[in-house]
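Asker: need the 3D shape of this:
(chains A and B)
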Amino acid sequence: MDLVLSVVSQIDALFTLFIFIGAVAGLFVGAIPGLSVTMATALLVSITYTWSVKNALAVILGVFVSGVYAGAVSAILINIPGAPSSVVTTLDGYPMARKGEAALALWAATFHSFVGTVFGFLVLMFVAKPVTSFALTFSAMDYFLLALFGLTTIGTLTAKNYIKGGICALLGLLLSMIGIDPFSGGVRLTFGWFDLQGGIPLIAALIGLFGFSEVLDQVARGAMTAIAAEAGKMRYSFREMARFLPLSIRSSIIGVFIGALPGAGGPVASIIAYDSARKSVKNPSRPFGEGAVEGVVASEAANNACIGGALIPMLTLAVPGDAVTAVILAAFYVHGLQPGPLLFVRTPELFSIVLAGGFVASVAMLILGMTVVPRLSRIVLVPKRILMPLVTVLCVVGTYAVNSSMFDVGLMFCFGLAGFLMRRRGYPAAPLVLGLVLGEMMDSNLRRAINMALAGDNFFLSLFGRPTSVVLSILVIFSVLAAVPGVKERAFAVFRRRGGAEKS
Amino acid sequence: MNTSPWASNMRHSLFLFALAALFGRQGAFSHDGGDWALSPALFPLLLSGSLALLAFALFVQGWRRLGTDRHTASPAADEGLSTGRVFSVFALCIAYALLLPWTGFFPATALFLAFFSFLVGERRPLPILLISLLSPAAIFLIFRHGLKVLLP
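Answerer: Alright, predicted model coming up:
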């Protein structure tokens, strides 16, 4: 009760105003591919250096919460995810926009991002310490298996032919190996190109595979009318959204937990939540991947719940859960504060400020999502012969903004052409992008795990002997086997026969 | 050439084999001479091997289905699509990327937008003029002055 009162006491007019300013900035930064929330937060740390800690945290949390949500806006409207964590949102969000339900998709993303964010901060408020203790039991092999599970899942989800989904995930992982190896400092897979030593820029791949390939696809189809004949109704029905609350909460639980694992983050959380939704929702509004609102709900609730999750290890152990929390950690140090176990003893009010900031920022996000974002949904009504040239220019500007490099722009165009050809031949882009995101994490954790296992008595027991590793290995095996044609049917037939034998 | 999607998958598998071999060879070059289990080449080699395995699976799947689905071949993926226009737009984009460093953002973007919208069917002079002049100005103001982002 004391904590609740302490949180409420932090909220005043100036604090709220700063959060709203941050939320507006986050909305634009998050919705424009190429401008990342991490970049905006890093910029804010330097700008707010002389401010009071409370006001600085207010702006930073406003940008963080709103920016993570805003990735869904461009994902739904023009099929370009604003951030990697919104890749999964494109699977159903964009088909919804094409079917004239852009406003509904945006409303679902807004409401359930709000639910996810609030849930994440509630978990942070009440069960931060136990969650941190469990997250810390994850070994290097567990991280590798978790990412592998995510990739096998997305491969199954996005391709009609599982082999093609797996091929795309492997290509993404191979592309992520290009550049300098963080362990040895040696150069890998650059084919002698100096420009590739920095690796494949993720934003260039993301914009090319989703944005520019969509432009080429629309040009190929020839019909240059609007994306949809209508943007959908603009009325907000909380009741309509409330029926998805159980799914939203389930996805948020996944999001918080994955968010609390340092390095895993939004992309993994949204894939696993999407897969869980696909398996648990018996009668979706449409088949998943063809415009099911449940797909948007699961993905958005999970990636926003990651915010609270990522803050848990950052505040309790000074271990950042993702790139943005690493920057926020730096902001704490800049202001002379020390997160970790002693934070709750020395500066307990700081914990209250973070919680208050999170809750107010989620309300700010909801208000902006209800007022500003629906106006944006009218983009789908603009004729494509006007929209597509403009989207291409935005693709170029967004790609160039990251490294100020024309090489990245060229790569973006190449990824776009590859994405177009892949799309026409049934190879999904989402596993490739997620392979690109998770590759480095998988490589470093696999080698770390092998290194530790080599020092142990039993190599395989050291690698796979822990309970979490066993569970994750089983999940990976099931995920792969379930995709092999005939295996699932045979397994069901065996269970049915056994059930029948027991009854008789 | 057989236009069945399964035959097409078999052709893709050959390309993927070549890609796996290429990445595998490049990956092996990055071996630092130490223990293979800890080598930077380990993961790329594992991935290349897995890619070759899946390419083989794609080939076998295509081979088996080609025999059974011979009479139910579906239309080719590109049917009804204008690939010529796609490659014209792609060439225009490459020209835009090459022009940007020479002329700067505003002139290159104005020209690009005018040509692109004409290529995809906009024939009215006023909308073309408005798109090609107003949008680069708006993007320049928002990104360069509002968000302090460098433009090409």
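Asker: what packs against the longest helix seen in chain B?
Answerer: For chain B, the longest helix by residue count, based on DSSP state H, is helix B:42-68. With contacts taken as 3 or more CB pairs under 8 Å, 6 or more residues apart in numbering or on different chains; DSSP states H and E, helix B:42-68 sits against helix A:162-176, helix A:430-455, helix B:5-29. Just so you know, the C-beta spots here come from the backbone N, C-alpha and C atoms, and that holds for glycine as well.
Asker: tell me the helix or strand right after the shortest one.
Answerer: The element immediately downstream of helix A:162-176 (helix or strand, assigned by DSSP states H and E) is strand A:179-180.
Asker: partner strands of that next one and their direction?
Answerer: Note on strand A:179-180: by DSSP bridges, its sheet partners are strand A:187-188 (antiparallel).
Asker: got the confidence number for the residue nearest the centre of chain A?
Answerer: Centroid check for chain A by CA atoms, centre = their mean gives A:Ser85 as the closest residue, at 1.8 Å. With respect to pLDDT, A:Ser85 has a value of 80.
Asker: residues in contact with it?
Answerer: Residues in contact with A:Ser85 (CB atoms under 8 Å, 6 or more residues apart in numbering or on different chains) are A:68, A:71, A:265-267, A:269-270, A:303, A:306.
Asker: what does A:Gly62 give?
Answerer: Counting by CB under 8 Å, 6+ apart, A:Gly62 has contacts A:18-26, A:357, A:361, A:364.
Asker: just give the closest residue to it, not the sequence neighbours.
Answerer: A:Gly22 (2.3 Å; CB to CB, 6 or more residues apart in numbering or on different chains).
Asker: what is the neighbour count of residue 150?
Answerer: If you meant another chain, say so; for now it's chain A. Using other CB atoms under 10 Å in any protein chain shown, A:Gly150 has 28 other residues around it.
Asker: ah, no, chain B please
Answerer: Number of residues near B:Leu150 (other CB under 10 Å) recorded here: 12.
Asker: and the pLDDT for the closest residue to it other than its chain neighbours?
Answerer: Nearest non-adjacent residue to B:Leu150, counting by CB to CB, 6+ apart: A:Ser404, 4.9 Å away. Here the pLDDT value assigned to A:Ser404 is 86.
Asker: please tell me how far A:Pro348 sits from A:Ser280.
Answerer: Distance, A:Pro348 to A:Ser280, by CB to CB, to the nearest Å: 39 Å.
Asker: and what of A:Ala102?
Answerer: Distance, A:Ala102 to A:Ser280, using CB to CB: 26 Å.
Asker: need the pLDDT of the spatially most central residue of chain B.
Answerer: Most central in chain B under CA atoms, centre = their mean is B:Phe90, positioned 10.1 Å from the mean C-alpha point. Note on B:Phe90: pLDDT of 93.
Asker: which ones are touching the residue nearest to the residue nearest to the centre of chain A when sequence neighbours are not counted?
Answerer: Nearest residue to A:Ser85, sequence neighbours excluded (CB to CB, 6+ apart): A:Gly266, at 2.7 Å. Going by CB under 8 Å, 6+ apart, A:Gly266 touches A:68, A:83-85, A:255, A:259, A:302-303, A:306, A:322.
Asker: closest to chain B out of those residues?
Answerer: Each of the contacts of A:Gly266 was scored against chain B by CB to the nearest CB, and A:Ala83 proved nearest at 16.3 Å.
Asker: out of the contacts of A:Ser85, which one has the lowest pLDDT?
Answerer: For the contacts of A:Ser85, the pLDDT minimum is A:Gly265, 72.
Asker: give me the domain ranges for the chain.
Answerer: This is for chain A. Following automatic domain parsing, one gets these domains for chain A: A:2-465, A:466-504.
Asker: sorry, should have said chain B
Answerer: B:5-72, B:83-146.
Asker: looking at those, which is closest to A:Gly222?
Answerer: Checking these against A:Gly222 by CB to CB gives domain B:83-146 as the closest, at 7.2 Å.
Asker: now the end-to-end length of the closest one.
Answerer: Start-to-end span of domain B:83-146 (CA to CA, to the nearest Å) is 38 Å.
Asker: and A:Gly340, helix, strand or coil?
Answerer: What DSSP: H, G, I helix; E, B strand; the rest coil gives for A:Gly340 is coil.
Asker: which residues are in contact with the nearest residue to A:Ile78 once chain neighbours are set aside?
Answerer: Counting by CB to CB, 6+ apart, the nearest residue to A:Ile78 once its immediate chain neighbours are dropped is A:Val391, at 5.8 Å. Each residue near A:Val391 by CB under 8 Å, 6+ apart is listed here: A:78, A:80, A:211, A:214-215.
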